[in-house]
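Enquirer: Curious how this folds, go ahead:
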Amino acid sequence: MQEIKLSKDIEITHIKTHSPEWYKYRNSGIGSSETSSILGLTDYPFSSVIDVFARKVGTFVHQQPPNENTHHGTFTEPWIYTNWEYYDGIEGNYVQNYLDKKKIRTADHYGVKDKYYRNNKYPWLFSSSDGLIHPGQTDIFTGEVRDNHGVLEIKRTSTQYLRTFESEIPSYYIPQVHHEMLVFDTDYSEIALLIDGRKLDVIPVEMTDSIKNMILDSSHDFWYKSVLPAREKKEEFDHLIEQGKEREAELIMADIHQLEPPADNSEAYKHHLSHSALQKINAEPIIGGVEEFDISTKHKRCTKLINKLNGQKRLHENTLRKFMIDNGANKIDFGDDGYARAYYREGAEKTTFDNRAKVTIDSEEVDEEFKKLEGYVA
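Expert: Predicted structure coming up:
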């Protein structure tokens, strides 16, 4: 194990989490947990790109108060880290390693608390850290010794939630650790994942140039082309309000709206719009043009296609369910290729269908099929 030596480009700021200084610092750039929002990859309420924009600019301030999830996350994080130290790549083996006091690797976990890091190469980005993996240790996945430090990200989740993602890894995890790798000037990270409070998995993530460049381009444009110009407008708006010039202030606010990030397909963006005060005002209608009518048409087509696909999906489910019932079974076993089953959840009055067939759906093939519909729905 070697000492972690960060680049001279990296600045460290000591701030107590959830302090007034902490909130102020978070408005001075883009944090790693916000990168997925900018890319439209998170569906949590108040986490869309337009929510991040509004917080940074000051047009809407929603500070998520501590809740049960964050409370338990704070206190279980050290325990997850401890188990990570004993994880050797073999499922469940960390338990015996822990009992035998056989540590496999170490990271600086406690030394990074209440610290925020900023790399001068990318001054608009900052990051905290759950841990920095010491260099000079053997990589449990490749067997090679790693010369550079790595980033450790600690998460808690559930099997049910993981199943909602095609790769069974939440889509926003990968951009988050890429952001952290950029800030910490490294090309390797690991995600230590506690599943259902009882199973530990560790996912290695190498730096990918395409994701790195996407983050740099999107976050740079978001910060310098949207947030900073909108902040200047917001200062002008506030000054006009103080002077009682509300009509002129409304015009400036319209300019700020023009700088807002465009709509994406996330549930979080939809949540922001559906809770917007502007949508609750009984205002006069605006005349739509050709572009708006075309989008409305495509929205209707999407609804039709979704209904058609849902019907086809339902047909496949019903066919498999009937096959099980006809054969007096509640599970179809495909051997090494998985299974499909119908089972009762605790306290439920009806069965839940669970398709665990191990089949890889080619994303490129899906994209090609979608391209045939682009002019029709997109």
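
Enquirer: Could you use CA atoms for every contact and neighbour count after this?
Expert: Fine.

Enquirer: all strands for the protein, in order.
Expert: In the chain, the strands defined using DSSP state E lie at 10-14, 107-108, 115-119, 131-133, 150-157, 188-195, 199-206, 331-333, 339-344, 351-355.

Enquirer: Which one, of the ones you listed, ends up nearest to A249?
Expert: Proximity of those to A249 was assessed by CA to CA; the nearest stretch is strand 115-119, lying at 35.0 Å.

Enquirer: can you list the strands of the chain in JSON lines and add mean pLDDT, distance to L41 and mean neighbour count?
Expert: Formatted as JSON lines, the strands of the chain follow (pLDDT from 0 to 100; distance: least, CA to CA, whole Å; neighbours: other CA atoms under 10 Å):
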{"stretch": "strand 10-14", "mean pLDDT": "95", "distance to L41": "27", "mean neighbour count": "15"}
{"stretch": "strand 107-108", "mean pLDDT": "94", "distance to L41": "29", "mean neighbour count": "20"}
{"stretch": "strand 115-119", "mean pLDDT": "96", "distance to L41": "23", "mean neighbour count": "20"}
{"stretch": "strand 131-133", "mean pLDDT": "95", "distance to L41": "24", "mean neighbour count": "23"}
{"stretch": "strand 150-157", "mean pLDDT": "95", "distance to L41": "17", "mean neighbour count": "21"}
{"stretch": "strand 188-195", "mean pLDDT": "95", "distance to L41": "18", "mean neighbour count": "22"}
{"stretch": "strand 199-206", "mean pLDDT": "95", "distance to L41": "18", "mean neighbour count": "16"}
{"stretch": "strand 331-333", "mean pLDDT": "95", "distance to L41": "34", "mean neighbour count": "17"}
{"stretch": "strand 339-344", "mean pLDDT": "92", "distance to L41": "29", "mean neighbour count": "16"}
{"stretch": "strand 351-355", "mean pLDDT": "90", "distance to L41": "25", "mean neighbour count": "14"}
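
Enquirer: L315: which of those strands is closest?
Expert: Counting by CA to CA, L315 lies closest to strand 351-355 out of these; the figure is 12.6 Å.

Enquirer: returning to that earlier point: output the strands of the chain in JSON lines; the columns should cover distance to H257.
Expert: Listed next are the strands of the chain as JSON lines, based on distance: least, CA to CA, whole Å:
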{"stretch": "strand 10-14", "distance to H257": "33"}
{"stretch": "strand 107-108", "distance to H257": "43"}
{"stretch": "strand 115-119", "distance to H257": "29"}
{"stretch": "strand 131-133", "distance to H257": "38"}
{"stretch": "strand 150-157", "distance to H257": "35"}
{"stretch": "strand 188-195", "distance to H257": "37"}
{"stretch": "strand 199-206", "distance to H257": "37"}
{"stretch": "strand 331-333", "distance to H257": "53"}
{"stretch": "strand 339-344", "distance to H257": "49"}
{"stretch": "strand 351-355", "distance to H257": "44"}
